[in-house]
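[1] Sharing a model prediction with you, sequence too.
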Amino acid sequence: MTVSEQQMANAIRVLAMDAVQAANSGHPGMPMGMADVATVLYCDYLKFDPADPHWPDRDRLVLSAGHGSMLAYATLHLSGYAKPTMDDIRNFRQLHSPCAGHPENFELAGIEATTGPLGQGLAMAVGMAIAERHLNTIFGDELVDHKSWVIAGDGCLMEGINHEAIGLAGHLQLGRLNVLWDDNRITIDGAVDLSSSEDIAARYRATGWHVVACDGHDFADIRRAIDEALADPRPSLIACRTIIGYGAPNKQGSSKVHGSPLGEDEIAATRSALGWGYAPFEIPADVREAWLERTAGGKNHHLRWQSALATHSQKDEFERRMSGEIETAAAMSGYMAQLVADRPKAATRKSSEMALGPLTDAFPELLGGSADLTGSNNTKTTALKPLNKDDYSGRYIYYGIREFGMAAAMNGMALHGGIIPFGGTFLIFSDYARPAIRLSALQGVRVVYVLTHDSIGQGEDGPTHQPVEHLQSLRMIPNLEVFRPCDAIEVAECWQLALARKQGPSVLALSRQDLEMVRTSADENLSAKGAYRIASARSARRVIIVATGSEVALAVDVAKMLEDRGVGADVVSMPSISRFKAQDFAYRSDILPDDGSLRVSIEAGTTFGWSDVTGSNALHIGIDRFGASAPGKVLMEHFGFSAEKITPQIIARLG
């Protein structure tokens, strides 16, 4: 007897409600409501091969409504992925189960992005779609020809990032991007009209999207809408009118089924309503076989792709790009030698642009951009022409004033593979991008954030634009490497370290103001260990000064003034606190010996957190208030960042 699509979809529904019930936690309503749409998508449209979940030319499917994670776990299991197993699903939301409360890309192959913070999944899919179009122009349809799909809920479309993401996608005419909107008109609080009355379809059309609607429980109508979307050259929003918790006779269509288990009585009633006479977590053999048969088409696509790759003239370059391997030393050697010879005085944002010159020349996978601050962030080099709707081969994106959207799109590009994205804004505006920066770190993706104007030294724009707490705030994010280099050599070193870091993002915090060259050689990447002694005490050491970025040269001046008074002082440049902490005890003890010396930190930001580096016998020079509007040099002097003001404080502490 032929298994119907309704039975296949019901398999998703029962797995979702059973898993949430077993965990006594979760969101059954969304996967139950979108089960019919997911069945059509997996069986008739999605290009994938469970035997090789990382096949580069697979379609990307992002569950932006990550709370409905059981939709992902059920479809992965039913379509033949090795994991999650049924035991994994039984242990939904339990410790060590890959079936986490929200999908995590590092737990399961087939999960393209870590989602849960609503809206970010859709925004990351925009980045994936950009990556697909860009790589297609380089390697052609034979190697890169796939689509990006999103399953999104009302919350994804309400979040502010949605405005940024769809505006960018519409502007770039990313026609390979299709968003399946679970239009169930229910949020946790109740009906959507409690909080929203906007015309979603009109908003999407206004940003250049194609919009089509369908009955999300009519298999033929779902196909009609998807076919219409695929035929349109614009990105598409497919509004799937669904009933949340579909199949639960007493709770469907209400917020009661959104974020809570159905309960044993309702589950029994649902089984009866669906005609599902099987025990919890039991999928009958004919339904399982139907799923495997209907979703097997991707294997043939994969075989044809493998044949095309084997004879492709750019096979080696394609595989190099997708591997993510990059070795920058050779490309940078001549530039580093020139720095030592010329000793340029430059803002580190300018030094970053200089370092990007040879890097973007040598590595075509580098794709840059800025959130409307290109001339200030210095993120564009002569090698980077614009990427736009008329030419996807470009390597520079004008993101507009969309910091959050930019960061999320870069996450999507990095997750896609074949691209190493970097993007710029002011350090102060990392606040706008922070949720996406956090997801960069959580997902372990290589994204480089070029954050300029990194202190009160940026000057006249005043306290609204002067970061104070931002460096330490970013340093608190696990797996985020925060670099604050002091001169052109350190900038180049930090760029190399950031690009070599495949398993996590990096921040380069860069100055607006010109900085003197402090380093005298570039024979070794001294920044690699996070901190190093840049100047040694001439007299008996009594002070160790630790500084970052623009304050390293100041620390050297303070040390000279102390030495003139017979007080020996080491100066330590610490471009990366986290890297220094990761070094072995012997190295850390050599740089910061426990010899009774007074440790002094100097950084034009909050002093919060510096005692973790210096210990208790310390003096912290920083700024624990908001800045002011004045020229940068005036502000630095006003807030005490001068050798003449710091040296007496050290002498007083020494007694």
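    Looks like it arrived, so ask away. Predicted model only: the values in this text are computed from it and were never measured. Numbering: from 1, shown residues only.
[2] For the residue most central in space within the chain, give me its contacts.
    Nearest to the geometric centre of the chain sits Ser440, at 2.8 Å (C-alpha atoms, centre = their mean). Neighbouring residues of Ser440 by C-beta atoms under 8 Å, 6 or more residues apart in numbering: Ala407, Met410, Asn411, Ala414, Val447, Leu480, Gly504, Pro505. No exception for glycine: its C-beta is placed from N, CA and C like everyone else's.
[3] tell me which element it is part of?
    Ser440 belongs to helix 430-443 when assigned by DSSP states H and E.
[4] following that helix, which helix or strand shows up next?
    By DSSP H and E, the next helix or strand past helix 430-443 is strand 448-452.
[5] same for that next one, what does it pack against?
    helix 348-362, helix 374-377, strand 420-426, helix 430-443, helix 488-500, strand 506-510 (3 or more C-beta pairs under 8 Å, 6 or more residues apart in numbering; DSSP states H and E).
[6] quick one on the thing from earlier: any idea how far the residue nearest to the centre of the chain is from Phe429?
    From Ser440 across to Phe429, the span is 16 Å (C-beta to C-beta, to the nearest Å).
[7] thinking again about what came up before, not counting sequence-adjacent ones, nearest residue to the residue nearest to the centre of the chain?
    Pro505 (3.8 Å; C-beta to C-beta, 6 or more residues apart in numbering).
[8] One more: Leu474?
    Nearest non-adjacent residue to Leu474 (C-beta to C-beta, 6+ apart): Val482, at 5.1 Å.
[9] For that neighbour, give me the pLDDT.
    Reported pLDDT at Val482 in the predicted model: 98.
[10] For the stretch 501-650 of the chain, which segments are assigned as strands?
    Using DSSP state E, counting those that start in this stretch, the strands of the stretch 501-650 of the chain run over 506-510, 514-515, 532-535, 541-547, 568-573, 598-602, 618-621.
[11] so which of those is the most packed in?
    strand 506-510 (a mean of 28; mean count of other C-beta atoms under 10 Å).
[12] Give me the mean pLDDT for that strand.
    pLDDT averaged over strand 506-510 gives 98.
[13] Run the angle between that strand and helix 348-362 for me.
    130 degrees (axes from the mean of the first three to the mean of the last three C-alpha atoms, to 10 degrees).
[14] before we move on, back to that, any chance of the strands of the stretch 501-650 of the chain in JSON lines, plus distance to Gly418?
    Formatted as JSON lines, these follow (distance: least, C-beta to C-beta, whole Å):
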{"stretch": "strand 506-510", "distance to Gly418": "19"}
{"stretch": "strand 514-515", "distance to Gly418": "35"}
{"stretch": "strand 532-535", "distance to Gly418": "35"}
{"stretch": "strand 541-547", "distance to Gly418": "39"}
{"stretch": "strand 568-573", "distance to Gly418": "35"}
{"stretch": "strand 598-602", "distance to Gly418": "41"}
{"stretch": "strand 618-621", "distance to Gly418": "44"}
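[15] before we move on, back to that, from the contacts of Ser440, pick the one nearest Val572.
    Closest approach between the contacts of Ser440 and Val572, by C-beta to C-beta: Leu480, at 21.9 Å.
[16] contacting residues around that closest one?
    Leu480 neighbours (C-beta under 8 Å, 6+ apart): Ile437, Arg438, Ser440, Ala441, Leu474, Gly504, Pro505, Ser506, Val507.
[17] In the residues you listed, find the pair that's most separated.
    The most distant members of those, if one measures by C-beta to C-beta, are Arg438 and Ser506, lying 14.0 Å apart.
[18] Ile138 contacts Asp391, correct?
    No: using C-beta atoms under 8 Å, Ile138 is not in contact with Asp391; the gap is 11.9 Å.
[19] And these two? Which one has more around it.
    Remark: of Ile138 and Asp391, Ile138 carries more neighbours, 17 against 11, as counted by other C-beta atoms under 10 Å.
[20] If we ignore the residues flanking it in sequence, what's nearest the more buried one?
    Ser393 is the one closest to Ile138 (C-beta to C-beta, 6+ apart), at 6.6 Å.
[21] what does Thr39 give?
    Ala9 (4.3 Å).
[22] Now do the residue nearest to Ile138: how many residues are near it, please.
    Ser393, neighbours per other C-beta under 10 Å, totals 13.
[23] Wait, a helix at it?
    No: the assignment for Ser393 (DSSP: H, G, I helix; E, B strand; the rest coil) gives coil, which keeps it out of a helix.
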